[in-house]
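Asks: Dropping a prediction and its sequence here:
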Amino acid sequence: MAQIPAGTNRPGQLTRKQTGDAWEAKARRWLESKGLRFLAANVRERGGEIDLIMRHKTTTVFIEVRYRRSSRFGGAASSITRAKQVRLLQTARLWLARHNGSFDTVDCRFDVVACTENDVEWIQNAFNDHS
C-alpha cells in the first residue's frame, strides 16, 4: 500500500479519515480479489454514507467497512449498531431509486468487512431490510 501522509495535528500519525480511507481501499482490493466488481465508493445520500458498492455476480452489494485497532472494547463488527444499519438501508434505498431500482426489483445484500488489528472478517448478508 502506498505511504499515506501523516495528519497535521499528530505528526507521524494518520487522521481518522486517512485511516478509514486506507482501510476502505484495502477492503476494496481484497474484495476484488474475491471476485467482486467495484461500482462506487463513499456514496452519500441524505442521512448516510455507504463505503463501497460492488457487484457479486448478479447481486448488488452494499458494504460497510469497519476498522478497530484493538478488540479491547469489542471488535469492528460489533460497532455496527441497529441505528447504523437503518441509516445504511435508507442510503441504499435512495441510491437504488436514483438508479431506477428498489429492494423489490434489484437483488442486493448488505455485507460488512470488519478489520480488527490485522484480522479481516467478511460477513456476507450481515443484515437486510427485514431484520
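Replies: Great, that's in hand. Numbers count the residues shown, from 1 in each chain.
Asks: where are the low-confidence patches of this structure?
Replies: Counting by pLDDT under 70, the chain contains low-confidence residues at 1-12, 14, 69-79, 130-131.
Asks: Can you name the residues bridging to the residue nearest in space to the middle of the chain?
Replies: With distances taken as CA atoms, centre = their mean, the residue of the chain nearest its centroid is Glu64 (2.1 Å). The bridge-partner assignment for Glu64, based on DSSP bridges, gives Val112.
Asks: could we number from 41 for the rest of this?
Replies: Noted, 41 is the first residue going forward, which turns the last one into Glu104.
Asks: That one: what's it in contact with?
Replies: Ile90, Asp91, Ile120, Lys124, Leu128, Phe150, Asp151, Val152, Val153, Ala166 (CB atoms under 8 Å, 6 or more residues apart in numbering). Bear in mind the C-beta positions are built from the backbone N, C-alpha and C, glycine included.
Asks: pretty sure Thr100 contacts Val83?
Replies: No - using CB atoms under 8 Å, Thr100 makes no contact with Val83, being 11.7 Å away.
Asks: what is in contact with the two at once?
Replies: Here Thr100 and Val83 share the contacting residues Ile93, scored by CB under 8 Å, 6+ apart.
Asks: Distance-wise, check the residue nearest to the centre of the chain relative to Trp162.
Replies: 11 Å (CB to CB, to the nearest Å).
Asks: Need the overlap of contacts for those two.
Replies: Common contacts of Glu104 and Trp162, defined by CB under 8 Å, 6+ apart, comprise Asp151, Val152, Val153.
Asks: Hmm, the first one is touching Gln164, no?
Replies: Going back to what we said before, that points to Asp151. Yes - with contact defined as CB under 8 Å, Asp151 counts as touching Gln164 (5.2 Å).
Asks: Which residue ranges of this protein form strands?
Replies: In the chain, the strands defined using DSSP state E lie at 77-85, 88-96, 99-108, 148-156, 159-167.
Asks: Please name whichever of those is nearest to Arg138.
Replies: For those, proximity to Arg138 was assessed by CB to CB; strand 77-85 is nearest, at 7.9 Å.
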